[in-house]
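*Asks:* I need the structure of the sequence given here:
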Amino acid sequence: MVKVAVISGSLRKEAVSTKIAKNVAELFPPEFETELVEIGNLPVFDQDYEEEGNTPEEYTRFRNTMKEVDAVLFVTPEYNRSIPSALKNVLDVGSRPYGESIWNGKPAAIISQSPGNLSGFGANHHLRQILTFLNMPSVQQPEVYLASSFDLLDDNGKFKEEGTVQFLQSFVDVFIDLIKRYQA
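*Replies:* Predicted structure coming up:
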């Protein structure tokens, strides 16, 4: 069983990113186990925790969870032309202690979304830059920028258009190929 962590960059109860993440998680084949990983409970990263031996239990639980996954799907909104602080925090928490990054070598994929027409372009590219530093091979094509994201979902939180589902399925298929290449 291949395990894929799904991380939503939004903490809101009715977050569009989380709804999109849940929809996309359903597009993986049965031999892939997807898990939406909670990030809102992590204290803001502070290097002093590590150096003083006071690592928060939430960090340890998160790191242990992530050590068990084979790949990571990030679904993020755009805040101020970048990623939300909660997503940056989770990336920092997982990259420490120095030399023990849980991200190293894990295949990744990014979906950005926005209610506007720019589709989270800035967030997508800022996240790509961070993932490059963290040594996470990422899906390059197709890129996924979902514009007018508040209009993509019906009242049940499902995609309205079959074309959206087909496009995202092609994206998941490429991600699966990337994951398989790194499992060999």
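
*Asks:* Which strands and helices lie in contact with the one helix or strand Asn124 maps to?
*Replies:* Asn124 is part of helix 121-133, with elements assigned from DSSP states H and E. Judged by 3 or more CB pairs under 8 Å, 6 or more residues apart in numbering; DSSP states H and E, helix 121-133 is in contact with strand 71-77, helix 85-94, strand 108-113, strand 144-146. Any C-beta I mention is one placed from the backbone N, CA and C, and that applies to glycine too.

*Asks:* Glu143 contacts Leu127, correct?
*Replies:* No: in this structure, Glu143 is not within contact of Leu127 by CB atoms under 8 Å, at 11.6 Å.

*Asks:* got the contact list for the closest residue to Met136 other than its chain neighbours?
*Replies:* Excluding its sequence neighbours, the residue lying closest to Met136 (CB to CB, 6 or more residues apart in numbering) is Ala108, at 4.3 Å. Neighbouring residues of Ala108 by CB atoms under 8 Å, 6 or more residues apart in numbering: Ala71, Val72, Leu73, Phe74, Leu131, Met136, Pro137, Ser138, Val139.

*Asks:* One more pass at 6 Å, please.
*Replies:* Contacts for Ala108 were tallied using CB atoms under 6 Å, 6 or more residues apart in numbering; they are Val72, Leu131, Met136, Ser138.

*Asks:* Which of these sits closest to Ala15?
*Replies:* Val72 (17.6 Å; CB to CB).

*Asks:* neighbouring contacts of the top helix by length along the chain?
*Replies:* Using DSSP state H to define each element, the chain has its longest helix at helix 162-183. Contact with helix 162-183 is made by Val24, Leu27, Ala71, Pro107, Ala109, Val139, Pro142, Val144, Phe159, as judged by CB under 6 Å, 6+ apart.

*Asks:* The residue most central in space within the chain pairs with what?
*Replies:* Centroid-nearest residue in the chain: Phe74, 1.5 Å away (criterion: CA atoms, centre = their mean). Beta-bridge pairing for Phe74 (DSSP bridges): Ile7, Ile110.

*Asks:* Surely it touches Ile110?
*Replies:* Yes: counting by CB atoms under 6 Å, Ile110 is a contact partner of Phe74 at 5.0 Å.

*Asks:* who are the neighbours in contact with Pro84?
*Replies:* Gly9.

*Asks:* Against Phe167, how distant is it?
*Replies:* 24 Å (CB to CB, to the nearest Å).

*Asks:* Repeat that for Asn64.
*Replies:* With CB to CB as the criterion, Asn64 and Phe167 are 34 Å apart.

*Asks:* neighbour-wise, which of those two wins?
*Replies:* Phe167 (15 against 10; other CB atoms under 10 Å).

*Asks:* Alright, calling it a day.
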